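Novice: Provided below are the primary sequence and the corresponding predicted coordinates.
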Amino acid sequence: MKLSLEKALQGLKNQLCDLTSLQVQTYVGEIEVVLDGVSDATDFEASLKNARQEGRIKLSLVTKINFDGDGVVLVPSSAPAGYIQEAHDAAVKAGHEVRQGLVALFSDVVGLKK
Amino acid sequence: MDERDFSNGMKRYSAFHQSRAGKDASIVSVCKGLDALGQDWAAAESDGTFVPLPDQKPERSADSSRMRTIRNRLFMLGYMEADSGRGNLDGPLEAAIAAFQQEAGLEVDGWVGEQETWPALQELVSFETRLDPLKWFRKGKPMKALLRAVGLRLFVLGLLPENPAGGDFDREQAMRRFGDIWQRVGLKMPAASPGFNLGWLWMLFDQDRIVEQLGALKALPGKKDLERTHSFILNAAKIELWLMGYKVVPNGYDLEQRKVRRADADGMRKWDLLKLSRTLTQYYFLKKSFNLYKALCLFWKDNGEKEETAEALSVDFLGDFPRFFAFVNSGLLAHEAMTDDQKQIRIEAFISTKKHKRDIPAIWHSVKTLGGRIWDGMRRIWGWFTRMLQTAKAKILKIGLNLSRLIYNFALQSFTVVANVFKSIGAVIDVLVHSCVSGAENRKVSLWKDGDFDLCMLVDDSAGPQEIRQCCSAIAHKVGLFSFGCRVLATIVRLLANAFETAWTGYFGLVSALIKFRGTRHRLQSLVNEYALVFGGADR
């Protein structure tokens, strides 16, 4: 288990090609929830794909942050409502936090800092 | 006898380990393994194998051993007319708990929780928990619960002929008698005059001090004083032997009032006893208290004395009682000098030997029959265990009553911490295993991650601004848990690297895993505290 867990975390670390940047996309529209048929969990990918194909959602905001300091924010010509911007900002903040957690995990367990 | 299947102790973890998933190095697989461990802890709690007392009354208490102890203690304090020995929380027990809480100045909820009522019961009844007398006075008057406990303590020390379970006795007179006996034995007197006062209450409830002083006596009391004090001395010895796991009950002793019991229970007849005893006093002692004699013999033999010497020391106990108490006191001092790490090393080494692995399931069966002793005498047991390890006795040590409670208590101490930690890492497992985090059941806002942990947020525009904000707040909470969980997981992996190497199975696996985890409990406890501080104990 010890080796297995370490290997797994190492594997995850390798799998993550790029932890040095964070991209957050926010789509807004009419969401039809698709369940995965096994655990009744949301099949997010299927929901997104269907909605895109049927034109029911549109990409409202995109933020890409490089942790060397550069950041890119794509804003559409028609600015989204304030609360959508708030939701997007919350997602960016969540992305930061998730990365911090992962870095803590990797640096402690498999020595990312080494 | 409980018909429990002990092979189930680590059922889910063992199954995971043996399956293909156990050999798969993916993060999802490993997290599932941790999840299996968490489920095994939860099962151990729900089926009553290891049960920390919750602060609030649960729907059903699975810990029959603790319930039996609580029932017995409340009976001894006079809150119940009879001790049915049942291990469930029934109406009469609940009423007795409420009555105790009322008289002890506690919140009355009919439940003995870990934080308040259990420590109060320990303080009043356990021999190893120090009493803080000040706590038990209100506006200068003693609480009724304290009076009951004083009566019980005087009785088991042989200073009252019967247990005044209702607390109705002449407390001044009884405490003055205690002081008189203390003086006659030749023990160091406190500054206060004998009576019902703080100084003497401290003495009465400090069993360690009694042992220390009896062990330090340089001169024995004279014949006349010994006649007046031997009941106290013998009962102090009974208490010590009971705490150390010997077959004797601290049930008081009064030379004049007790009927002579047949002393031939084990084939030893009165005539044999007479041959053993050199004086009439010895015979008197032996025939009145045969169990005490047998327990003393075993005690000395356990501690390396030859049979003849053990018998002689036991027969002539009153002729050299300081030797016995000095020996007990040395065990207590040895325990005080032992660090947590040293205890951890000793117990791990002991249970990891092949011979003892087979015996581990017997721990649970012993625990079921231990009653109140499982929660008392642990410091003395450590002294006993250390001496056993230092002598050849270690080779023949079996998982008996003493080792059962030592190992059980040791494992139980880590259970609460470990179970809570595993609950908190559920959040990190959830996020790692599932690609989607929903803000609410209606999924008006969802967050999806890809392999790089880049995020995609999906907002249903049929939801109003307020609903979306609430969903975002819920997502932020889950992400916070995830971030915290990563730190916990990292800590667990780092601290418990060795423990993860074992494919734990059965009850042995459960106990040995808990004992290994115990070594890290301080670090884990600080994480649990931080978790409660940041997340308010939610989702625990």
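Specialist: Cool, the structure landed. Residues are numbered from 1 along each chain as shown, chains lettered A, B, ... in the order given.

Novice: so the nearest residue to residue B:127 once chain neighbours are set aside versus residue B:121, what's the distance?
Specialist: Spatial nearest neighbour of residue B:127, excluding adjacent residues (Cβ to Cβ, 6 or more residues apart in numbering or on different chains): residue B:207 at 4.4 Å. Any C-beta I mention is one placed from the backbone N, CA and C, and that applies to glycine too. In this view, residue B:207 and residue B:121 are 16 Å apart by Cβ to Cβ, to the nearest Å.

Novice: centroid residue for chain B?
Specialist: residue B:375 (3.4 Å; Cα atoms, centre = their mean).

Novice: pretty sure that one contacts residue B:70?
Specialist: No. Between residue B:375 and residue B:70 there is no contact under Cβ atoms under 8 Å: 9.6 Å.

Novice: now do the contacts for residue B:159.
Specialist: By Cβ atoms under 8 Å, 6 or more residues apart in numbering or on different chains, residue B:159 lies in contact with B:174, B:177-178, B:181, B:231-232.

Novice: just the pLDDT for the residue nearest to residue B:127.
Specialist: Per-residue confidence at residue B:207 stands at 96 (pLDDT).

Novice: would you confirm that it contacts residue B:239?
Specialist: Yes. Assessed by Cβ under 8 Å, residue B:207 is found in contact with residue B:239 at 6.5 Å.

Novice: where does the prediction get shaky in the stretch 51-200 of chain B?
Specialist: B:59-62 (pLDDT under 70).

Novice: can you tell me the residue of it closest to chain A?
Specialist: residue B:52 (25.2 Å; Cβ to the nearest Cβ).

Novice: am I right that that residue sits in a helix?
Specialist: No. Assessed with DSSP: H, G, I helix; E, B strand; the rest coil, residue B:52 is coil; it does not lie in a helix.

Novice: which one is it nearest to, not counting chain neighbours?
Specialist: What sits nearest to residue B:52 in space, not counting adjacent residues and going by Cβ to Cβ, 6+ apart, is residue B:416, at 4.1 Å.

Novice: now do that neighbour against residue B:525, distance only.
Specialist: Counting by Cβ to Cβ - residue B:416 and residue B:525 are separated by 9 Å.

Novice: neighbour count for those two, which is higher?
Specialist: Just comparing residue B:416 and residue B:525: by other Cβ atoms under 10 Å in any protein chain shown the higher neighbour count belongs to residue B:416, 20 against 16.

Novice: give the residue spans of chain A that score low on pLDDT.
Specialist: Within chain A, the segments meeting pLDDT under 70 span A:1-19, A:31-43, A:67-77, A:107-114.

Novice: repeat for the stretch 401-540 of chain B
Specialist: Applying pLDDT under 70 to the stretch 401-540 of chain B flags residues B:423-443, B:451, B:493-503, B:521, B:528, B:534-540.

Novice: how about the strands in it?
Specialist: Ranges of strands in the stretch 401-540 of chain B, per DSSP state E, counting those that start in this stretch, are B:436-438, B:445-449, B:455-460.

Novice: mind putting these in TSV, mean neighbour count and distance to chain A included?
Specialist: Listed next are the strands of the stretch 401-540 of chain B as TSV, based on neighbours: other Cβ atoms under 10 Å in any protein chain shown; distance: least, Cβ to the nearest Cβ, whole Å:
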stretch	mean neighbour count	distance to chain A
strand B:436-438	21	4
strand B:445-449	24	4
strand B:455-460	25	4
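
Novice: tell me which of those lies nearest to residue B:58.
Specialist: Closest of the strands of the stretch 401-540 of chain B to residue B:58 is strand B:436-438, at 29.9 Å (criterion: Cβ to Cβ).

Novice: ramachandran angles for the residue nearest to the centre of chain B?
Specialist: Dihedral pair for residue B:375: phi -110, psi 10, per degrees, to the nearest 10.
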